[in-house]
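In: Give me coordinates for this.
(chains A, B, C and D)
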There are 2 protein chains.
Amino acid sequence: MKNIQAAADFMTWDEHDHSGCVETALRFAEEICLARGVRLTELRRRVLELVWSGHKPIGAYALLEQLQPGGRAAPPTVYRALDFLLEQGLIHRLSSLNAYVGCPRPGEPHAGQFLICESCQNLTELRDGAIEEAIERSVQRSGFAPSRQTVEILGRCPQCRETAGEEQR
Amino acid sequence: MKNIQAAADFMTWDEHDHSGCVETALRFAEEICLARGVRLTELRRRVLELVWSGHKPIGAYALLEQLQPGGRAAPPTVYRALDFLLEQGLIHRLSSLNAYVGCPRPGEPHAGQFLICESCQNLTELRDGAIEEAIERSVQRSGFAPSRQTVEILGRCPQCRETAGEEQR
DNA sequence: TAGGATATGTTATGTTATAACATTGTCAAG
DNA sequence: CTTGACAATGTTATAACATAACATATCCTA
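Out: Purely as a prediction, here's the structure:
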C-alpha cells in the first residue's frame, strides 16, 4: 500500500483527476480499519468521503452542512467522526486554518508538512525527509519527546504567483 | 541588540529568572517602535507586558481578564493590540494552541519554531538554521512563495518526562 | 486650533469546539 | 434469542476564540 496519488514525495490537491483519489482513500480506509479492528461506520465513512471530495481543506461546519443538507446533524456528530479519522491517521488537521484534509499516506504514520496557498487555498502535502531529520535532531538536543508536529507554510502557489494582481481564483 | 535571554540559539520559558525578561522585552519594544515610527501606546505596552509576564503561552481572553480585573475591556481591545504586536514581530501566535507568546528576538524578523509541552505548557522557541534551510529548499522546489511559517512540535519536556505518570505540574 | 489620521470603546455577532447526558446500535456470553 | 456491556450517535446547551461595524477619543500637524 503506497500513496493514494501514486508515486510521489509530495501531493498537490489541484490539477489532477481527483475522483479516483476519493475512491482509493475510502478503500484504503476500509482496509486499515479492518486490519486494526476499529469500525469505519457509515458516518465516519461519509465524513472521510466529504473531506476527500473537495480539492481544498474544509472546516468542520462546512462538513456539517454537506452531511445533512436539511441541517439536522449537530456539531458533535462531525467532530467525533473527525476525531476518529485523526486518530487513525486518515486525515490531518491544519491548525493554521482550522480545517481538515485527507491524508494521502494513511497507514504510514507521519507528520505532514503543508504548503497552503493564501490565494486559492490549494494545498500541497510534502514529505521531506530533510525537514523531518532537521526537526528530529533539534528536538533530540532539547531532550523533548515529541508527539505531534505541525509544519504549515502559508504563501502563494505557482499558479497564483503568475496571475499576480488578479482576483483570487 | 541581541536576544532577550542573552546568548542562546534557543529560549526556554522555564527555569530562569523571568522578571528581567519582561523589562528587557518592554525596553526593546520601545526602541523598535521608536525606530519605526509606530506607537507603542499604553494599551499595547500593557498587553505586551502581560504576554511576557507568564512563563507560558496565553490566550486572548485570559489577557483580557488580566487587563481589566473588573471585566470592562471587550475582545476587540485585546485583539487589536495583539495584531499590532504581531505585525511588529514583538510576539508570536501559536496556532495549535490559539495562544500568544513574547518573541525573544524582536527586531530580527523570523519564523519561530516551537516546542510545546503538552503536560506543563512550558514552551521553548528554537532558532534552528538547519530546519529553516530544509524548509526553504523544499518550498523553493515547489515554486511556492512563502509568507508565513508555522513549526510547532507538541510533546513532553525533559522535566515532565522524568515525572512520568504523575499529575501535571 | 481645526481637521485628518490613528487608536480605542462598544455592541453585536460569527466561527470553531466541547461538555454532559440520552438514546441507539453492535456483538458476544450465557 | 436475550441480556448485558460497550461503542457509537443524537441532542441540547454552552464554552472558547475572533471579527464586523460603528461611535468616540486622542494625537499630531499644518
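In: middle-most residue in chain A, spatially?
Out: Centroid check for chain A by Cα atoms, centre = their mean gives A:V101 as the closest residue, at 2.6 Å.
In: chain center to the longest helix along chain A, what's the gap?
Out: Counting residues, the longest helix found in chain A (DSSP state H) is helix A:19-36. What separates the centre of helix A:19-36 from the centre of its chain is 14 Å, taken as Cα atoms, centre = their mean, to the nearest Å.
In: helices and strands around the next helix or strand after that helix, which ones?
Out: Counting by DSSP states H and E, the next helix or strand C-terminal to helix A:19-36 is helix A:42-53. Of the remaining helices and strands, those touching helix A:42-53 by 3 or more Cβ pairs under 8 Å, 6 or more residues apart in numbering or on different chains; DSSP states H and E are helix A:19-36, helix A:60-67, helix A:75-87, strand A:99-102. To be clear about C-beta, it is placed using only N, CA and C from the backbone, and glycine gets the same treatment.
In: Now render the ones you listed as TSV, adding distance to A:T150 and mean pLDDT.
Out: Putting these into TSV (distance: least, Cβ to Cβ, whole Å; pLDDT from 0 to 100) gives the following:
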stretch	distance to A:T150	mean pLDDT
helix A:19-36	22	93
helix A:60-67	18	96
helix A:75-87	13	98
strand A:99-102	13	96
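In: May I see these organised as CSV, with distance to chain B added?
Out: Rendered in CSV, the data for the helices and strands packed on helix A:42-53 read as follows (distance: least, Cβ to the nearest Cβ, whole Å):
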stretch, distance to chain B
helix A:19-36, 19
helix A:60-67, 15
helix A:75-87, 13
strand A:99-102, 12
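In: among those, which is the most enclosed?
Out: Of all the helices and strands packed on helix A:42-53, strand A:99-102 carries the top mean neighbour count, a mean of 24, counting by mean count of other Cβ atoms under 10 Å in any protein chain shown.
In: circling back to that earlier point, in terms of secondary structure, what does the longest helix of chain A contact?
Out: For helix A:19-36, the packing partners by 3+ Cβ pairs under 8 Å, 6+ apart come out as helix A:42-53.
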